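1. sequence below, structure please.
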Amino acid sequence: MSIVRPYAFVISFMNSWRRNAEKEKQNVQNDRERRSNILRTHETDLHQLQLQETDLRSKVREKEALQNSVEAMQLEVSSLTNQLKVMF
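-> Residues are numbered from 1 along each chain as shown. Purely as a prediction, here's the structure:
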């Protein structure tokens, strides 16, 4: 039996192990990249929702201010109507 034969088996095993390790490394890198992309997408979505929230809060404040203004004007009209009734 020659000495070369056992070493060939070891070399073959090491090459196979190296290929498997490289495949696993690539899989891990691909998974990390996929997760990073998902995270960036979620961060972008979150930012968009935060902008929408700010816009909607502003619109709600504006609507409330307009409602208060309408109520004040209605009171003024009612008061002026009563004044006119008293005058005539």
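2. residue ranges with poor pLDDT in this protein?
-> Flagging of the chain using pLDDT under 70 yields the residue ranges 1-4, 6.
3. what do you get if the cut-off is 80, keeping everything else the same?
-> For the chain, the stretches flagged by pLDDT under 80 are 1-6, 88.
4. show me where it has its helices.
-> 4-87 (DSSP state H).
5. tell me the spacing between residue 44 and residue 38.
-> 11 Å (CB to CB, to the nearest Å). (Glycine included, C-beta is placed from N, CA and C.)
6. could you do residue 61 as well?
-> Taken as CB to CB, the span from residue 61 to residue 38 is 35 Å.
7. try residue 88
-> From residue 88 to residue 38 the distance is 74 Å (CB to CB).
8. comparing those two, which residue is more hemmed in?
-> residue 38 (10 against 4; other CB atoms under 10 Å).
9. quick one, what contacts that one?
-> By CB atoms under 8 Å, 6 or more residues apart in numbering, the contact list for residue 38 is empty.
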